[in-house]
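[1] After the sequence you'll find the predicted model.
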Amino acid sequence: MDEEASRRRLIAALGTGLAGGLAGCSLGAPEREETDRAGERGTPEPRASDSELPNGTPPELDIETPRETEGPPADSPYTRVYREVIDSVTAIRVETTSGPGSGTAWMYDDHHLVTNEHIVGEARSATVRFRNDGWREADIVGSDVYSDLGVVRVANPPDDATPLSLVDTEAPVGTEVLAVGNPFGLSGSVTAGIVSGNDRSLDAPNGFSIPDAVQTDAAANPGNSGGPLVTLDNEVAGVINSGVRGGDNVGFAISAGLTERVIPALIQRGEYDHSYVGIAPVDVGPDLARANNLPVTWGVYVDGTRSGTPADDVLRGSTGSTAIDGQEIPTGGDVIVNMDGTVIQTRQDLGTFLALDTSPGDTVTVTVIRNGATERVRLTLASRPEQ
């Protein structure tokens with residue numbers, strides 16, 4: 001009897017547990033999709049109909065009205081630009097007497113790619129790699145240290161490597177831009193920013209300066225050199241030259257205007273001739289203006305002229321100096337304030353005018369302040385000497 005009673009109690013307990021489990025299913029446990037062994041979402045079990053619920057009465061369930069299925073989000077403008085230009089941007093590797101080098105290049109026409117002079121200037125050979133292709137040999141066509149621009153040629157670029165166009169006019173400050181390249185060898189990278197400034201002057205390794213540079217806060221790191229700084233219209237605003245070591249969000253690019261002048265000459269004859277005056281220029285500031293009794297506090301002061309140059313015997317350099325607040329300030333030199341109708345307020349203005357609006361052999365009218373009076377002189381430009 002005791003054994004039979006124990007058996008009946010066990011069966012009753014199992015029945016109670018099973019009923020509780022079934023009740024949980026019929027009332028609808030939390031709606032969660034099950035995950036199958038492959039990690040994919042499975043199909044949830046169908047819920048019982050209202051008539052199948054206890055007493056025929058469904059419980060109150062908090063169910064939101066289904067939303068319409070939304071499509072994928074629209075591409076950002078950065079994504080669109082990246083997709084449309086990336087096939088025209090390459091990695092570049094070179095071999096020099098001092099070892100290998102690398103950077104970025106981009107398609108200028110059907111066979112020529114633009115990069116930096118500091119990448120290819122001393123190279124003996126070069127190879128380029130397109131995004132969907134392997135490495136291809138490239139011929140070094142020419143380079144120019146004064147603009148830090150270089151050109152290589154590929155005989156058989158892939159069909160999707162189409163030329164990128166340069167902006168027709170200077171991209172104004174605030175223009176959104178992307179730097180596309182291979183920083184630290186990370187191919188096909190892109191960083192975003194704006195044009196932070198124009199008409200910057202960069203130091204060239206030969207003692208001269210590179211005029212009309214574009215400043216940007218788009219990150220530019222080693223390996224970006226030579227790559228395009230692209231607007232949201234897919235046009236090249238500049239050729240990445242460098243980032244400031246130790247600086248934040250300050251990078252520079254060779255302007256589209258200077259690129260458009262230099263690159264065709266490099267393709268045609270491997271070199272480019274820059275206009276040359278032959279002066280030691282100094283920006284006019286308050287102290288210099290005071291020392292020379294100038295009617296303006298801007299312009300380019302001629303501290304000296306180099307013998308045998310266009311400025312020799314045409315422009316006048318310093319003849320003396322005076323002390324202001326304990327500093328010796330040069331005096332007696334000409335102050336350039338205009339060239340062929342272009343106002344010259346700074347050395348950057350002078351460099352940009354010579355680079356974009358003149359060629360060696362041109363004769364220009366120079367307006368100077370000399371001995372307190374305004375004079376005009378004629379000066380015939382020469383080519384910059386090799387350094």
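    All right, it came through fine.
[2] where does this structure dip in pLDDT?
    1-74, 243-247, 387 (pLDDT under 70).
[3] Helices of this protein, residue ranges please.
    For the chain, applying DSSP state H gives helices covering 2-27, 77-85, 117-120, 256-269, 286-291, 347-357.
[4] Output the contacting helices and strands for the third one.
    So the one you mean is helix 117-120. If you count contacts as 3 or more CB pairs under 8 Å, 6 or more residues apart in numbering; DSSP states H and E, helix 117-120 packs onto strand 89-96, strand 99-107, strand 135-144, strand 149-153. For every residue, glycine as well, the C-beta is placed using N, CA and C.
[5] how about a cut-off of 7 Å?
    Under the contact definition 3 or more CB pairs under 7 Å, 6 or more residues apart in numbering; DSSP states H and E, helix 117-120 sits against strand 89-96, strand 135-144, strand 149-153.
[6] Compare those strands and give me the one nearest Gly227.
    Of all those, strand 89-96 sits nearest to Gly227, with 6.3 Å by CB to CB.
[7] Direction-wise, compare the closest one with strand 149-153 and give the angle.
    Taking axes from the mean of the first three to the mean of the last three CA atoms, to 10 degrees, one finds strand 89-96 and strand 149-153 inclined to each other by 100 degrees.
[8] List the buried residues of strand 89-96.
    Across strand 89-96, burial judged by 16 or more other CB atoms under 10 Å covers 89-94.
[9] So which residues make contact with that strand?
    Applying CB atoms under 7 Å, 6 or more residues apart in numbering, the contact partners of strand 89-96 are 100-106, 113, 115, 119-120, 122-130, 180-182, 187, 226-228.
[10] What pairs with that strand, parallel or antiparallel?
    Looking at strand 89-96 with DSSP bridges, its partner strands are strand 99-107 (antiparallel), strand 123-129 (antiparallel).
[11] Please state the offset of it from the chain centre?
    18 Å (CA atoms, centre = their mean, to the nearest Å).
[12] I figured Ala265 was touching Leu258, is that so?
    No: counting by CB atoms under 7 Å, Ala265 stays clear of Leu258, with 11.5 Å between them.
[13] more neighbours, those two?
    Leu258 (26 against 16; other CB atoms under 10 Å).
[14] Provide a list of residues in contact with the more buried one.
    When contacts are counted by CB under 7 Å, 6+ apart, Leu258 touches 147, 212, 355-356.
[15] try 8 Å
    147, 149, 210-212, 355-356 (CB atoms under 8 Å, 6 or more residues apart in numbering).
[16] With neighbour count and distance to Pro330 as new columns, can the residues you listed be given to me in CSV?
    CSV is the format used below for these (neighbours: other CB atoms under 10 Å; distance: CB to CB, whole Å):
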residue, neighbour count, distance to Pro330
Ser147, 28, 30
Leu149, 29, 34
Ile210, 24, 26
Pro211, 27, 23
Asp212, 26, 27
Ala355, 21, 26
Leu356, 17, 29
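[17] Any quick ChimeraX command for the buried ones out of the contacts of strand 89-96?
    In ChimeraX, this line selects whichever of those come out buried by 16+ other CB under 10 Å:
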select :101,102,103,104,105,106,113,115,119,120,123,126,127,128,129,130,180,181,182,226,227,228
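[18] mind giving me JSON lines with the helices and strands packed on helix 117-120 and columns for distance to Gly238?
    Formatted as JSON lines, the helices and strands packed on helix 117-120 follow (distance: least, CB to CB, whole Å):
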{"stretch": "strand 89-96", "distance to Gly238": "14"}
{"stretch": "strand 135-144", "distance to Gly238": "15"}
{"stretch": "strand 149-153", "distance to Gly238": "11"}
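[19] Which of the buried residues of strand 89-96 sits closest to Asn249?
    For the buried residues of strand 89-96, the nearest to Asn249 is Val89 (22.2 Å; CB to CB).
[20] Centre of the chain to the longest strand along the chain, how far?
    In the chain, taking DSSP state E as the definition, the longest strand is strand 189-203. On the basis of CA atoms, centre = their mean, strand 189-203 sits 6 Å off its chain's mean C-alpha point.
[21] helices or strands up against it?
    Using 3+ CB pairs under 8 Å, 6+ apart, the elements in contact with strand 189-203 are helix 77-85, strand 176-181, strand 209-216, strand 236-243, strand 251-255, helix 347-357.
[22] could you redo the last one with a cut-off of 7 Å?
    Contact here means 3+ CB pairs under 7 Å, 6+ apart; on that basis strand 189-203 packs against helix 77-85, strand 176-181, strand 209-216, helix 347-357.
[23] what does that strand rub up against?
    Residues outside strand 189-203 that contact it (CB under 7 Å, 6+ apart) are 78, 82, 170-183, 209-219, 237, 241, 252, 347-348, 351-352.
[24] Of the residues you listed, grab the buried ones for PyMOL.
    A single PyMOL command is used to select the members of the contacts of strand 189-203 judged buried by 16+ other CB under 10 Å:
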select buried, resi 82+170+171+175+176+177+178+179+180+181+182+183+209+210+211+212+213+214+215+216+217+218+219+237+241+252+347+348+351+352
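[25] Could you measure from Thr191 over to Gly251?
    Separation of Thr191 from Gly251 (CB to CB, to the nearest Å): 9 Å.
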